[in-house]
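Participant: Provided below for reference: sequence and predicted model.
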Amino acid sequence: MPRYAQLVMGPAGSGKSTYCSTIVQHSETINRNVQVVNLDPAAEHFDYPVTADIRELIQVDDVMEDDSLRFGPNGGLVFCMEYFANNFDWLEESLGHTEDDYILFDCPGQIELYTHLPVMKQLVEQLQQWEFRVCGVFLVDSQFMVESFKFISGVMAALSAMVSLEIPQVNIMTKMDLLSPKAKKEIEKYLDPDMYSMMEDTSDTIRSTKFKKLTKAICELIDDYSMVRFLPFDRSDEEGINIVMQHIDFSIQYGEDLEFKEPKVIENYQINYITKQINLAI
Ligand SMILES: Nc1nc2c(ncn2[C@@H]2O[C@H](COP(=O)(O)OP(=O)(O)OP(=O)(O)O)[C@@H](O)[C@H]2O)c(=O)[nH]1
Ligand SMILES: [Mg+2]
(Lines give C-alpha, C1' and ligand atoms only; values in the text may rest on other atoms or scores of the structure.)
(Ligands and ions follow the chains in the order given, each with its own letter.)
Protein backbone atom coordinates (compact mmCIF):
# COMPACT_ATOMS: atom_id res chain seq x y z
CA MET A 1 0.00 0.00 0.00
CA PRO A 2 1.58 3.34 -0.98
CA ARG A 3 1.75 6.17 1.52
CA TYR A 4 1.15 9.80 0.63
CA ALA A 5 2.87 13.02 1.64
CA GLN A 6 2.71 16.72 0.97
CA LEU A 7 5.86 18.74 1.56
CA VAL A 8 4.44 22.14 2.48
CA MET A 9 7.07 24.73 1.55
CA GLY A 10 7.33 28.45 0.92
CA PRO A 11 8.89 31.67 2.20
CA ALA A 12 8.56 32.80 5.82
CA GLY A 13 5.01 33.78 6.74
CA SER A 14 3.51 32.56 3.47
CA GLY A 15 0.87 30.58 5.38
CA LYS A 16 2.32 27.03 5.57
CA SER A 17 1.17 26.24 9.11
CA THR A 18 -2.25 27.80 8.46
CA TYR A 19 -2.54 25.76 5.27
CA CYS A 20 -1.79 22.57 7.23
CA SER A 21 -4.38 23.28 9.90
CA THR A 22 -6.98 24.25 7.25
CA ILE A 23 -6.40 20.98 5.39
CA VAL A 24 -6.66 18.98 8.63
CA GLN A 25 -10.00 20.63 9.48
CA HIS A 26 -11.26 20.18 5.94
CA SER A 27 -10.23 16.52 5.90
CA GLU A 28 -12.06 15.87 9.17
CA THR A 29 -15.28 17.12 7.58
CA ILE A 30 -14.97 14.75 4.66
CA ASN A 31 -13.87 11.88 6.90
CA ARG A 32 -10.37 11.66 5.54
CA ASN A 33 -7.38 10.89 7.71
CA VAL A 34 -4.62 13.49 7.35
CA GLN A 35 -1.80 13.99 9.85
CA VAL A 36 0.77 16.74 10.23
CA VAL A 37 4.46 16.63 11.08
CA ASN A 38 6.09 19.86 12.22
CA LEU A 39 9.52 20.13 10.60
CA ASP A 40 10.26 23.68 11.76
CA PRO A 41 12.74 23.52 14.66
CA ALA A 42 12.02 27.20 15.41
CA ALA A 43 8.21 26.93 15.35
CA GLU A 44 6.46 28.82 18.10
CA HIS A 45 2.84 28.63 17.13
CA PHE A 46 0.62 26.29 15.15
CA ASP A 47 -2.86 25.05 15.87
CA TYR A 48 -3.00 21.54 14.44
CA PRO A 49 -2.43 18.30 16.36
CA VAL A 50 1.06 16.96 15.55
CA THR A 51 1.96 13.37 14.80
CA ALA A 52 5.65 14.21 15.15
CA ASP A 53 7.48 17.40 16.04
CA ILE A 54 11.11 18.01 15.06
CA ARG A 55 11.53 20.07 18.25
CA GLU A 56 11.53 16.78 20.15
CA LEU A 57 14.70 15.94 18.24
CA ILE A 58 16.37 19.35 18.13
CA GLN A 59 15.47 23.00 18.75
CA VAL A 60 17.00 26.15 17.26
CA ASP A 61 17.16 27.86 20.69
CA ASP A 62 19.31 25.07 22.12
CA VAL A 63 21.68 25.26 19.14
CA MET A 64 21.97 29.05 19.44
CA GLU A 65 22.74 28.81 23.16
CA ASP A 66 25.57 26.37 22.54
CA ASP A 67 28.82 28.29 23.13
CA SER A 68 30.91 26.01 20.95
CA LEU A 69 28.62 26.49 17.91
CA ARG A 70 27.71 30.20 18.19
CA PHE A 71 25.05 30.20 15.52
CA GLY A 72 22.46 32.89 14.87
CA PRO A 73 18.85 32.00 13.99
CA ASN A 74 19.49 31.08 10.33
CA GLY A 75 22.75 29.21 10.84
CA GLY A 76 21.05 27.48 13.77
CA LEU A 77 18.19 26.36 11.55
CA VAL A 78 20.54 24.99 8.89
CA PHE A 79 22.42 23.11 11.62
CA CYS A 80 19.13 21.65 12.95
CA MET A 81 18.03 20.53 9.48
CA GLU A 82 21.39 18.88 8.81
CA TYR A 83 21.13 17.13 12.17
CA PHE A 84 17.63 16.01 11.16
CA ALA A 85 18.97 14.65 7.85
CA ASN A 86 21.46 12.55 9.82
CA ASN A 87 18.72 11.21 12.08
CA PHE A 88 15.89 10.17 9.77
CA ASP A 89 15.36 7.08 11.93
CA TRP A 90 13.76 9.46 14.48
CA LEU A 91 11.17 10.36 11.82
CA GLU A 92 10.63 6.72 10.86
CA GLU A 93 9.95 5.81 14.48
CA SER A 94 7.64 8.77 15.06
CA LEU A 95 5.62 8.12 11.92
CA GLY A 96 5.03 4.44 12.54
CA HIS A 97 2.96 2.88 9.79
CA THR A 98 -0.81 2.85 9.58
CA GLU A 99 -3.21 2.12 6.72
CA ASP A 100 -3.70 5.02 4.26
CA ASP A 101 -0.93 7.21 5.67
CA TYR A 102 -1.38 10.77 4.42
CA ILE A 103 1.07 13.17 6.01
CA LEU A 104 1.57 16.91 5.64
CA PHE A 105 5.10 18.09 6.43
CA ASP A 106 5.04 21.68 7.67
CA CYS A 107 8.50 22.91 6.64
CA PRO A 108 10.52 25.95 7.81
CA GLY A 109 10.34 29.21 5.86
CA GLN A 110 14.05 29.69 5.09
CA ILE A 111 14.14 29.82 1.32
CA GLU A 112 17.68 28.45 1.05
CA LEU A 113 16.33 25.06 2.13
CA TYR A 114 14.52 24.82 -1.21
CA THR A 115 17.05 26.41 -3.47
CA HIS A 116 20.51 25.03 -2.79
CA LEU A 117 20.76 23.05 0.46
CA PRO A 118 20.50 19.27 0.02
CA VAL A 119 18.37 18.45 3.08
CA MET A 120 14.91 18.65 1.49
CA LYS A 121 16.04 16.49 -1.42
CA GLN A 122 17.47 13.98 1.08
CA LEU A 123 14.13 13.99 2.91
CA VAL A 124 12.24 13.35 -0.34
CA GLU A 125 14.52 10.44 -1.23
CA GLN A 126 14.12 8.97 2.24
CA LEU A 127 10.33 9.28 2.11
CA GLN A 128 10.30 7.62 -1.30
CA GLN A 129 12.31 4.72 0.15
CA TRP A 130 9.58 4.39 2.77
CA GLU A 131 7.08 4.07 -0.10
CA PHE A 132 5.69 7.58 0.16
CA ARG A 133 4.43 9.33 -2.96
CA VAL A 134 5.46 12.91 -2.33
CA CYS A 135 3.98 16.11 -3.74
CA GLY A 136 5.66 19.46 -3.19
CA VAL A 137 3.20 22.20 -2.23
CA PHE A 138 4.81 25.60 -2.66
CA LEU A 139 2.99 28.52 -1.06
CA VAL A 140 3.42 32.16 -1.95
CA ASP A 141 1.58 35.05 -0.28
CA SER A 142 -0.79 36.60 -2.84
CA GLN A 143 -0.12 40.06 -1.36
CA PHE A 144 3.39 39.85 -2.80
CA MET A 145 2.33 38.66 -6.22
CA VAL A 146 0.28 41.52 -7.60
CA GLU A 147 3.10 43.24 -9.44
CA SER A 148 4.94 41.70 -12.37
CA PHE A 149 8.50 41.87 -11.05
CA LYS A 150 7.48 40.54 -7.61
CA PHE A 151 5.55 37.81 -9.35
CA ILE A 152 8.60 36.79 -11.38
CA SER A 153 10.69 36.44 -8.22
CA GLY A 154 7.92 34.31 -6.63
CA VAL A 155 7.87 32.14 -9.72
CA MET A 156 11.64 31.72 -9.59
CA ALA A 157 11.49 30.61 -5.96
CA ALA A 158 8.79 28.03 -6.80
CA LEU A 159 10.77 26.92 -9.82
CA SER A 160 14.00 26.37 -7.85
CA ALA A 161 12.14 24.10 -5.45
CA MET A 162 10.55 22.25 -8.35
CA VAL A 163 13.85 21.73 -10.15
CA SER A 164 15.87 20.75 -7.09
CA LEU A 165 13.35 18.31 -5.58
CA GLU A 166 12.27 16.55 -8.79
CA ILE A 167 8.79 15.68 -7.53
CA PRO A 168 5.34 16.81 -8.72
CA GLN A 169 4.67 20.27 -7.38
CA VAL A 170 1.50 22.29 -6.90
CA ASN A 171 1.97 26.04 -6.42
CA ILE A 172 -0.50 27.98 -4.36
CA MET A 173 -1.25 31.65 -3.76
CA THR A 174 -2.37 32.02 -0.17
CA LYS A 175 -4.34 34.65 1.75
CA MET A 176 -6.69 35.31 -1.16
CA ASP A 177 -9.31 36.45 1.39
CA LEU A 178 -7.17 39.51 2.14
CA LEU A 179 -7.29 40.82 -1.43
CA SER A 180 -9.73 43.55 -2.38
CA PRO A 181 -12.21 42.65 -5.18
CA LYS A 182 -10.11 44.83 -7.52
CA ALA A 183 -6.86 43.06 -6.58
CA LYS A 184 -8.62 39.67 -6.93
CA LYS A 185 -9.51 40.56 -10.50
CA GLU A 186 -5.99 41.81 -11.12
CA ILE A 187 -4.42 38.63 -9.74
CA GLU A 188 -6.28 36.37 -12.16
CA LYS A 189 -3.69 37.07 -14.81
CA TYR A 190 -0.98 35.81 -12.43
CA LEU A 191 -2.67 32.49 -11.72
CA ASP A 192 -2.17 31.26 -15.26
CA PRO A 193 0.37 33.76 -16.45
CA ASP A 194 1.32 34.83 -19.93
CA MET A 195 4.97 35.60 -19.34
CA TYR A 196 5.38 37.57 -22.57
CA SER A 197 2.83 40.18 -21.53
CA MET A 198 4.35 40.14 -18.05
CA MET A 199 7.67 41.08 -19.64
CA GLU A 200 6.06 44.08 -21.35
CA ASP A 201 4.63 45.20 -17.98
CA THR A 202 8.09 45.27 -16.44
CA SER A 203 9.95 46.79 -19.37
CA ASP A 204 9.00 50.42 -18.45
CA THR A 205 10.49 50.11 -14.98
CA ILE A 206 13.70 48.40 -16.12
CA ARG A 207 16.24 50.73 -17.70
CA SER A 208 19.36 48.59 -17.92
CA THR A 209 19.60 46.64 -21.21
CA LYS A 210 21.38 43.74 -19.54
CA PHE A 211 18.65 43.42 -16.92
CA LYS A 212 15.98 43.61 -19.63
CA LYS A 213 17.69 40.78 -21.51
CA LEU A 214 17.90 38.68 -18.37
CA THR A 215 14.21 39.29 -17.56
CA LYS A 216 13.30 38.34 -21.13
CA ALA A 217 15.31 35.11 -20.92
CA ILE A 218 13.68 34.17 -17.59
CA CYS A 219 10.17 34.92 -18.89
CA GLU A 220 10.79 32.87 -22.02
CA LEU A 221 12.10 29.95 -20.00
CA ILE A 222 9.05 29.96 -17.74
CA ASP A 223 6.60 30.35 -20.59
CA ASP A 224 8.12 27.93 -23.07
CA TYR A 225 8.10 25.07 -20.60
CA SER A 226 4.75 25.99 -18.98
CA MET A 227 6.51 25.34 -15.74
CA VAL A 228 4.66 27.40 -13.20
CA ARG A 229 0.95 27.79 -12.56
CA PHE A 230 -0.73 28.88 -9.32
CA LEU A 231 -3.92 27.82 -7.60
CA PRO A 232 -5.71 30.35 -5.38
CA PHE A 233 -6.15 29.38 -1.72
CA ASP A 234 -8.71 31.00 0.53
CA ARG A 235 -9.02 29.18 3.85
CA SER A 236 -12.71 30.05 4.10
CA ASP A 237 -13.64 28.68 0.66
CA GLU A 238 -14.33 24.93 0.90
CA GLU A 239 -14.82 24.57 -2.85
CA GLY A 240 -11.41 26.17 -3.51
CA ILE A 241 -9.77 23.89 -0.93
CA ASN A 242 -11.32 20.91 -2.71
CA ILE A 243 -9.84 22.01 -6.01
CA VAL A 244 -6.38 22.34 -4.45
CA MET A 245 -6.67 18.87 -2.87
CA GLN A 246 -7.84 17.40 -6.18
CA HIS A 247 -4.76 18.69 -7.98
CA ILE A 248 -2.47 17.32 -5.30
CA ASP A 249 -4.27 13.95 -5.07
CA PHE A 250 -4.13 13.63 -8.82
CA SER A 251 -0.37 14.29 -8.91
CA ILE A 252 0.32 11.49 -6.39
CA GLN A 253 -2.52 9.23 -7.56
CA TYR A 254 -4.15 9.30 -4.16
CA GLY A 255 -7.32 7.27 -3.94
CA GLU A 256 -6.55 4.69 -6.60
CA ASP A 257 -6.18 1.85 -4.11
CA LEU A 258 -8.56 3.10 -1.46
CA GLU A 259 -11.94 1.86 -0.46
CA PHE A 260 -14.63 4.52 -0.55
CA LYS A 261 -15.56 5.96 2.87
CA GLU A 262 -18.91 7.64 3.53
CA PRO A 263 -18.48 11.34 4.27
CA LYS A 264 -19.90 12.35 7.67
CA VAL A 265 -22.31 14.88 6.25
CA ILE A 266 -22.81 15.23 2.54
CA GLU A 267 -23.08 18.82 1.49
CA ASN A 268 -23.33 20.33 -1.96
CA TYR A 269 -19.65 21.11 -2.33
CA GLN A 270 -18.78 17.54 -1.32
CA ILE A 271 -21.14 16.13 -3.95
CA ASN A 272 -19.39 18.37 -6.50
CA TYR A 273 -16.03 17.08 -5.29
CA ILE A 274 -17.06 13.43 -5.60
CA THR A 275 -18.54 14.06 -9.07
CA LYS A 276 -15.28 15.69 -10.16
CA GLN A 277 -13.26 12.77 -8.77
CA ILE A 278 -15.42 10.34 -10.76
CA ASN A 279 -15.04 12.46 -13.90
CA LEU A 280 -11.28 12.53 -13.41
CA ALA A 281 -11.19 8.77 -13.05
CA ILE A 282 -13.23 8.13 -16.23
N1 LIG B 1 -6.26 36.33 6.38
C2 LIG B 1 -5.45 35.28 6.24
N3 LIG B 1 -4.37 35.21 7.00
C4 LIG B 1 -3.56 34.15 6.86
C5 LIG B 1 -3.81 33.11 5.90
N6 LIG B 1 -2.82 32.21 5.97
C7 LIG B 1 -1.99 32.65 6.93
N8 LIG B 1 -2.42 33.80 7.47
C9 LIG B 1 -1.76 34.58 8.54
O10 LIG B 1 -0.41 34.84 8.15
C11 LIG B 1 0.47 34.71 9.26
C12 LIG B 1 1.55 33.68 8.96
O13 LIG B 1 0.91 32.43 8.77
P14 LIG B 1 1.64 31.05 9.10
O15 LIG B 1 0.67 29.98 8.74
O16 LIG B 1 2.20 31.03 10.47
O17 LIG B 1 2.81 31.12 8.04
P18 LIG B 1 4.08 30.15 7.91
O19 LIG B 1 4.40 30.06 6.46
O20 LIG B 1 3.80 28.87 8.64
O21 LIG B 1 5.17 31.00 8.67
P22 LIG B 1 6.64 30.50 9.13
O23 LIG B 1 6.46 29.11 9.70
O24 LIG B 1 7.05 31.50 10.14
O25 LIG B 1 7.50 30.51 7.91
C26 LIG B 1 -0.41 34.34 10.46
O27 LIG B 1 -0.69 35.52 11.17
C28 LIG B 1 -1.66 33.77 9.83
O29 LIG B 1 -2.80 33.96 10.63
C30 LIG B 1 -4.98 33.24 5.09
O31 LIG B 1 -5.29 32.42 4.21
N32 LIG B 1 -5.75 34.35 5.29
MG1 LIG C 1 4.91 27.84 10.15
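Facilitator: On my side now, so go ahead. Ligands and ions are numbered 1, 2, ... in the order given.
Participant: So residue 276 sits against residue 246, correct?
Facilitator: Yes. Contact criterion Cβ atoms under 8 Å: residue 276 and residue 246 qualify, at 6.2 Å. The way it works is simple: take the backbone N, C-alpha and C, and place the C-beta from them, glycine included.
Participant: Please report the distance of residue 49 from residue 99.
Facilitator: Residue 49 sits 19 Å away from residue 99, taking Cβ to Cβ, to the nearest Å as the criterion.
Participant: who touches residue 50 in this structure?
Facilitator: 36-38 (Cβ atoms under 8 Å, 6 or more residues apart in numbering).
Participant: let's go with 10 Å and repeat that
Facilitator: The contact partners of residue 50, by Cβ atoms under 10 Å, 6 or more residues apart in numbering, come to 20, 35-38, 43, 56, 94, 106.
Participant: Mind telling me what element residue 69 is part of?
Facilitator: Assigned by DSSP states H and E, residue 69 belongs to no helix or strand.
Participant: Pull up the gap between the residue of the chain found nearest ligand 1 and ligand 2, please.
Facilitator: Residue nearest to ligand 1 within the chain: residue 109 (2.6 Å; Cβ to the nearest ligand atom). As judged by Cβ to the ion, to the nearest Å, residue 109 and ligand 2 stand 7 Å apart.
Participant: what's near enough to touch that residue?
Facilitator: So residue 109 contacts 9-14, 16-17, 40, 42-43, 77, 139 (Cβ under 10 Å, 6+ apart).
Participant: Which ones among those residues map onto helices?
Facilitator: 16-17, 77 (DSSP state H).
Participant: which one of these is nearest ligand 2?
Facilitator: residue 17 (3.4 Å; Cβ to the ion).
Participant: which regions of the chain sit below the pLDDT cut-off?
Facilitator: For the chain, the stretches with pLDDT under 70 are 198-207, 225-227, 257-271, 273-274, 277-278, 280-282.
Participant: So which elements touch the longest strand along it?
Facilitator: In the chain, assigned by DSSP state E, the strand with the most residues is strand 132-141. Packing contacts for strand 132-141, counted by 3 or more Cβ pairs under 10 Å, 6 or more residues apart in numbering; DSSP states H and E, involve strand 3-9, helix 16-29, strand 102-106, helix 119-129, helix 148-165, strand 169-174, strand 230-232, helix 238-251.
Participant: which of residue 276 and residue 246 has more neighbours?
Facilitator: residue 246 (18 against 13; other Cβ atoms under 10 Å).
Participant: quick one on the thing from earlier: can you say which of the contacts of residue 109 are buried?
Facilitator: With burial judged by 16 or more other Cβ atoms under 10 Å, the buried subset of the contacts of residue 109 is 9-11, 14, 16-17, 40, 42-43, 77, 139.
Participant: Return the closest of the residues you listed with respect to residue 162.
Facilitator: Lowest distance from residue 162 to the buried ones among the contacts of residue 109 (Cβ to Cβ) belongs to residue 9, with 10.2 Å.
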